[in-house]
Structures are given as structure tokens and as C-alpha cells.
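Q: I would like to see how this sequence folds:
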Amino acid sequence: MIQGNRIKTIALYASNAMVYAFSALFLCFMPLYFNARFTPAESGLLLSIGPIVSIVTPLFWGRIADRSKFKNSTLIICILFSAVFFFLQQFCTTPLSMGIVVACIWVFMAPFNGLIDAITLEYSLTAHTYYGTMRVMGTIGFGVITLVSSLVSGGNFSVIFYIYVGMAALAVASLLLGPQIKGYGHREKKDRKPDPGKQIHSEGIRSLLTNRTLLLLILCMMCGQFLLQYYNNFFPTYLTTDLKQDSWVWGLCVLLSVSGEIPFFFLYTKLYDQLGIKRVLLIALPLTVLRATLLGLVTNIPAILVVDTLTGICSTMMNYSASTYLIRSVAPELRATGQTLMYCIGQNLARVFAGVVGGQIQSWLGTSRGLFICAGIAGVVFVVFLFTLWRDPSPHLGPKPYAETLEHHAKHLRETESPK
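A: Model (predicted):
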């Protein structure tokens, strides 16, 4: 049994690494592929399809996962179909056909992060494992696959399509070998014992959308993602044109931004167990204001690189404050739905705003002044936090409930899963 659990845990490590690496293959290589085949305007339109599709589709797949026998099955289906459409891109010759295929890719790729987080978080809760050490594999996988694919492809984009298909096969194998996380919504209500300790019960998506605390946490997440996407969209040009730096400096900035997440994931459990969500956000939001302000002020490259280490950790702390609240408070039959809802609004909608609203800010003020606007947005969210979430008495936001109710959650899951 111990050996079997070890294999499952290792397989889940591998699943996290590969699932997060899939988005790297699209985000890092497809812009170059599109620019080589289409006009800049057509490429820009193709790249905007993903964020738009991602606003809605993850929620659909989250509901499917919650109603399915196993959540793993839903993620496997999404991976397989995304691989099919990703491979078909090389046969598209017109912007219209490419646009249709890209939309299909994102229909299946958009829920990846939410579903793998739901699976990993629930397994870490019931198996008493550390979530952060598993999730950090996603960050490592994202960076490693980008470097390896660049070296292997050598500028030949057709190789990327085969790498994606090969990774899809490995990801499916790891998800089959890993822990099978059940979807609870498919059971009849009479087969489930009520849990009065839950704040959110199986009332459908309405109970998620009317949860004030959850929506405020998603607002914090949107703030972090808006600032991160604005930085990704416009800082490279600012760095290479205004500051007259070589393109490799931007690559180093990206590497440091991603590396900043790694310490957070190793400290994930201790941070939330000992500090709680409110204190983590009390750290993250001021750091976000400071980061945006410094990036707008400093022009010295070593200083910029130091500030860049805050980039990943600021947005990540906000993301996983919402995720931690979900896993603590949401009933099992709504966890995947809640995770994907969080990504739909907090991440994907924020990315669309960063493209549309951020583009207007960029055209009016330029990058350095635009970063001051971003700092102001983060400051406003911080004030909202102080007057709302900081005063929220919910025990799920504090440092103790996760550790204290761990056995309670595990007992509830055993009761609902035990055969009649």
C-alpha cells in the first residue's frame, strides 16, 4: 500500500510538470509560428482567441469534472483532444481555418490549470502530502520544456507539434497511474451525508457566485493577473526599445519571474497553516504595489532583475489564497467547478482586460507611467482588502482551520466514499 501510494504521488508530480508545460508550448512558440505565416494583425487576432475562449470553457469542464466518476477522466479527455487540434495547426493555411483550430485548442486547454489544481489540492488534503512541492513541478516543467523545445526544434516549428503529442501521451499515462480523485456530483443526494460545517453546499454554481469572500479573493487574483499580463505584454518592448537592451535580457527577466514562484511553493503549507490567507494577502498586496512602482522607476538592469524576482511570487500568492479558501470551504462536489470559475474570472478575464485596457493605458502613457497606474490599481485593491477581507471573521481565512479540520475533511470523504 505504501509503495502504491508512493507511485501515485510520483505520478502526480509528473502530471503537474507536464500539464503546466503544455501552455508553455503554445504561449512561447505559437506567436513565432503565427508571425512567420500571417500578417501582424492576423497574428494578433489569433493570439486573442485563447483568452476569450478561456473566460467560459473552464467552467463547463469544471462542472463536468464534478459530475464525473473521476476528475482525472475529464482532464485526460481535454488533454487528448487538445493534442489532436494542436497537431492540426500545421495543416491550416488561412487565418480563418487557423482561428477555428486555435479556438478548439483552447476549448480543451483552458481548463488544464484549474483541473490539475483541483486534483492535486484534494489529494494533498486526504493523503497528508505537501501540495506546494507537487505544484512547483508545474513551474519547473514550464521553464524546462521551453528550454528543451528550443534546443530540439532549432527553429523548426513542426517539431513542436510532435513534442506536444508525445507529452500528451505521457501526461495521460501519469494521470492514469496517479491518484484517482472522485467527482462527487454524480451521486444521488441520499447517498451523501450532509456536512453542516461547510460554508458552500451543493446548490450549484449560484452558491459560488454569491459567496462574497470568494469573490473578493478572486478580485485580488484579478489584480495580480492584470499586472502580470500587462508586464508580459508591454515590458519586453520597453526593455528592448526604450532601455535599449538585448532580447536575452528579457529572457533572463522571464526566468527570474518564474523562479520567484519556487520558494513560495516549497513554503506553501507552512505559510497558510501558520499565517492564514489574510496575512499572506497582507504581504502580497503591498509587495505588488512596490513591484509595479519600482519597475516604473528604475532603469538600471541589475535593479530590474532583482525586482523581477517579485513578479511571479506576487501573483502566485494571490492565486493560491483563493485556491486555499476553495479547498477549505467548498463542498467536494463543487471543488473543480470553483477552481475553474476562479481561473475563468480571476485569470482569463484579467488577461483580456490587460490586453484591451492595458493597450489603451500603454498608448496614452507609455510603459513606465502605465506601471504607475498598475501600482495604483493594486493600491486600491489593497484598501478594499483592508476594509473587507481583513475584517472578515470567516475561520477559513485564518491560520488554524486547515490544520484543525484536515482530519474532519478526510473523515467526511471516507464516509461519503464508503460502500453501502
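Q: verify the stated contact: Leu219 with Val381.
A: Yes: with contacts counted by C-beta atoms under 8 Å, Leu219 reaches Val381, the gap being 6.4 Å. Placement of C-beta: from N, CA and C, glycine included.
Q: more neighbours: which of the two?
A: Val381 (24 against 19; other C-beta atoms under 10 Å).
Q: list the contacts of that one.
A: Contact analysis of Val381 by C-beta atoms under 8 Å, 6 or more residues apart in numbering lists 219-220, 223, 285.
Q: that one: which element?
A: Element membership of Val381 [criterion: DSSP states H and E] is helix 367-387.
Q: please apply the same query to Val165.
A: helix 158-177.
Q: could you report the distance from the residue nearest to the spatial centre of the chain to Ala292?
A: Note on the chain: the residue nearest the mean C-alpha position is Asn113, at 5.0 Å, using C-alpha atoms, centre = their mean. From Asn113 across to Ala292, the span is 24 Å (C-beta to C-beta, to the nearest Å).
Q: next: Tyr33.
A: 31 Å.
Q: let me know the pLDDT of Val165.
A: pLDDT, Val165: 93.
Q: ugh, wrong one, Ala24
A: 77.
Q: residues touching it, list them.
A: 141-143, 145-146, 149.
Q: quick check, it in a strand?
A: No: with DSSP: H, G, I helix; E, B strand; the rest coil as the criterion, Ala24 is assigned helix and is not in a strand.
Q: ok, now how distant is it from Thr139?
A: Applying C-beta to C-beta to Ala24 and Thr139 gives a distance of 10 Å.
Q: how about the nearest residue to Ser368, chain neighbours excluded?
A: Gly296 (4.7 Å; C-beta to C-beta, 6 or more residues apart in numbering).
Q: burial check on the one you found, number of neighbours?
A: 19.
Q: what helix or strand is it on?
A: helix 276-297.
Q: which secondary structure elements does that helix contact?
A: helix 212-237, helix 301-329, helix 367-387 (3 or more C-beta pairs under 8 Å, 6 or more residues apart in numbering; DSSP states H and E).
Q: nearest to Ile181, out of these?
A: helix 301-329 (12.0 Å; C-beta to C-beta).
Q: what average pLDDT does that closest one get?
A: The model assigns helix 301-329 a mean pLDDT of 86.
Q: remind me which residues of the stretch 1-150 of the chain are low pLDDT?
A: Scanning the stretch 1-150 of the chain for pLDDT under 70 picks out 1-4, 40.
Q: hmm, try it at 50
A: 1-2 (pLDDT under 50).
Q: before we move on, back to that, which of Tyr33 and Ala292 has more neighbours?
A: Shown here are Tyr33 and Ala292; by other C-beta under 10 Å, Ala292 has more neighbours (27 against 19).
Q: spatially nearest residue to the more buried one, not counting backbone neighbours?
A: Ala375 (3.8 Å).
Q: what's the neighbour count on that neighbour?
A: 21.
Q: quick one: contacts for it?
A: 289, 292-293, 296.
Q: contacting residues for the residue nearest to Leu326 when sequence neighbours are not counted?
A: Nearest residue to Leu326 in three dimensions, chain neighbours excluded: Gly338, at 4.6 Å (C-beta to C-beta, 6+ apart). For Gly338, the contact set (C-beta under 8 Å, 6+ apart) comprises 62, 200, 208, 214, 326, 330.
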